[in-house]
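*Asks:* Mind folding the following:
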Amino acid sequence: MSESIGLFYGSSTCYTEMAAEKIRDAIQQKLPSVSINVHNIADDCISSLKDYEYLILGIPTWDYGELQEDWENHWQALDNIDLSDKQVALFGLGDQIGYPQWFQDALGYLWAKVVNQGASTVGLWPNQGYEFDESKALTDDKQFFLGLALDDENQFEKTDDYVDQWCQQILHEFDLITHG
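*Replies:* Below you'll find the predicted structure:
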């Protein structure tokens, strides 16, 4: 049986959309039997989250730790979606140099929202290699981001490697692949 993953993102600029496409392509390369359905939440209904067992959600942080506008438009609707049987991996985009006090904050907000709706999350990402002051997207021990943290503004050259490593990791954590 072929598995499917729902990949949902919001993107005011092209960066989160490009990251979503890279994630889709990396997963397809690693596991061609998995179907990846990509949804731009500006165009697609957020209630489609319930149609997938595996979810990947992407959100950029805007300005001073703010939600991206498409996610903000759907924020309250997320409260009505039961995610208790879902496994969710999250990725975020942010600017660690321009907004070091709020780096990846929206990723943290989205993680808290889906956990509150019952989701199990995967995809913690080490916080080494970044320069920031504060983030609401860190684990309690501050060693990991709650999902893949990308900074295409300042670390574009690292994005492809990060995406490749993270996709391998989440496919293992989703139990979709069992070997390296």
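
*Asks:* Report the spatially nearest residue to residue 78, omitting neighbours in sequence.
*Replies:* In this structure, residue 78 finds its nearest non-sequential neighbour in residue 113, 5.5 Å apart by C-beta to C-beta, 6 or more residues apart in numbering. Every residue, glycine included, has its C-beta placed from N, CA and C.

*Asks:* Now do the same for that neighbour: its pLDDT.
*Replies:* In this prediction, residue 113 carries a pLDDT score of 97.

*Asks:* Please enumerate the helices of this protein.
*Replies:* In the chain, the helices defined using DSSP state H lie at 15-30, 69-74, 105-116, 156-173.

*Asks:* Tell me which of these sits most buried.
*Replies:* Among the helices of the chain, judged by mean count of other C-beta atoms under 10 Å, the one packed with the most neighbours on average is helix 105-116 (a mean of 21).

*Asks:* Show me the one of the helices of the chain that comes nearest residue 124.
*Replies:* Residue 124 lies closest to helix 156-173 among these, at 8.6 Å (C-beta to C-beta).

*Asks:* mind exporting that closest one as PDB, just the C-alpha atoms?
*Replies:* Only the C-alpha atoms of helix 156-173 are listed here, as PDB (Å, rounded to 0.1, in the frame of the first residue of the first chain):
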ATOM      1  CA  PHE A 156      20.900  29.700   1.700                       C
ATOM      2  CA  GLU A 157      23.900  27.500   0.900                       C
ATOM      3  CA  LYS A 158      23.000  25.200   3.800                       C
ATOM      4  CA  THR A 159      19.300  24.700   2.900                       C
ATOM      5  CA  ASP A 160      19.700  21.700   0.500                       C
ATOM      6  CA  ASP A 161      21.900  19.700   2.900                       C
ATOM      7  CA  TYR A 162      19.600  20.500   5.900                       C
ATOM      8  CA  VAL A 163      16.500  19.500   3.900                       C
ATOM      9  CA  ASP A 164      18.200  16.200   2.800                       C
ATOM     10  CA  GLN A 165      19.300  15.300   6.300                       C
ATOM     11  CA  TRP A 166      15.900  16.200   7.900                       C
ATOM     12  CA  CYS A 167      13.900  14.400   5.300                       C
ATOM     13  CA  GLN A 168      15.900  11.200   6.000                       C
ATOM     14  CA  GLN A 169      15.300  11.700   9.700                       C
ATOM     15  CA  ILE A 170      11.500  12.300   9.500                       C
ATOM     16  CA  LEU A 171      11.000   9.300   7.200                       C
ATOM     17  CA  HIS A 172      12.700   7.200   9.800                       C
ATOM     18  CA  GLU A 173      10.600   8.800  12.600                       C
END
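
*Asks:* Fine, thanks again, bye for now.
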